[in-house]
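Asks: output the structure for:
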Amino acid sequence: MIEKKMLERHKAQWLVDLLKEAKGHIDEERLASILENRGRACIGPTNIKKAKDAAKDAKDLNEFLNKLGKALQMLQREGDKIYMVYPKCYCHEIRGFKGDIPDNYCYCSVGWVKEMFEQALGRPVEVKLEASVLQGDEACRLRVLL
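Replies: Residues are numbered from 1 along each chain as shown. Predicted coordinates:
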């Protein structure tokens, strides 16, 4: 168990160091795109299934969002705005990491959320990172534009 935790910390440190090194060498837009693609690859089949199940037989977007909100409590609606809100970073790659994590790391979550909605709806969606606990905010807020 101790060996596994040491390996996880080492892996997280390696990732953080890579992102810090990449900053300034890779265009910010390109780096965000790379991280977004990693987030798309990271989402597991369980969350994709929840989203697809919510979309299945939903008569409209409102019904889909209501069903998805019951399956995923991090889905929040504020009027006509749709958000995924996380009170902390749930990323298993950096869980328990002690130290500064580059703020661009959160673009991985953008890809994760995009992939979930796009798989469920069968069309492209836009996701905007509005707040992040890694950037000092109280919660991560990703706005989903359908």
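
Asks: C-alpha only now, for contacts and for neighbours.
Replies: Noted.

Asks: what score does the residue lying closest to K52 once chain neighbours are set aside have for pLDDT?
Replies: Counting by Cα to Cα, 6 or more residues apart in numbering, K52 lies nearest to A120, which is 4.3 Å off, once chain neighbours are set aside. Listed pLDDT for A120 reads 98.

Asks: burial of A120, as a residue count?
Replies: Under the neighbour criterion other Cα atoms under 10 Å, A120 is assigned a count of 20.

Asks: what does E78 give?
Replies: Applying the criterion other Cα under 10 Å, we find 7 residues in the vicinity of E78.

Asks: just checking, L142 is part of a strand?
Replies: Yes: under DSSP: H, G, I helix; E, B strand; the rest coil, L142 falls within a strand.

Asks: find the nearest non-adjacent residue to it, please.
Replies: With Cα to Cα, 6+ apart as the criterion, L142 has its nearest non-adjacent residue at 4.6 Å, and that residue is L129.

Asks: mind checking how far the residue nearest to K52 is from R30?
Replies: Summarising the geometry, the distance separating A120 from R30, computed by Cα to Cα, to the nearest Å, is 26 Å.

Asks: kindly report the same for P87.
Replies: Separation of P87 from R30 (Cα to Cα): 27 Å.

Asks: of the two, who's got more company?
Replies: When neighbours are counted by other Cα under 10 Å, P87 and R30 differ, and P87 comes out ahead with 13 against 10.

Asks: what's the burial count for the closest residue to that one other than its chain neighbours?
Replies: Counting by Cα to Cα, 6+ apart, A139 is the residue found nearest to P87 once chain neighbours are left out, at 4.4 Å. If you count neighbours by other Cα under 10 Å, A139 ends up with 17.

Asks: E130 is in contact with A139, correct?
Replies: No: contact criterion Cα atoms under 8 Å: A139 and E130 do not qualify, at 9.8 Å.

Asks: in the helix or strand of the chain at the bottom of the mean pLDDT ranking, what's buried?
Replies: Ranking every helix and strand in the chain by mean pLDDT, DSSP states H and E puts helix 2-22 at the bottom, with a mean of 82. Of the residues in helix 2-22, E8, R9, A12, Q13, L15, V16, L19, K20 count as buried by neighbour count, 16 or more other Cα atoms under 10 Å.
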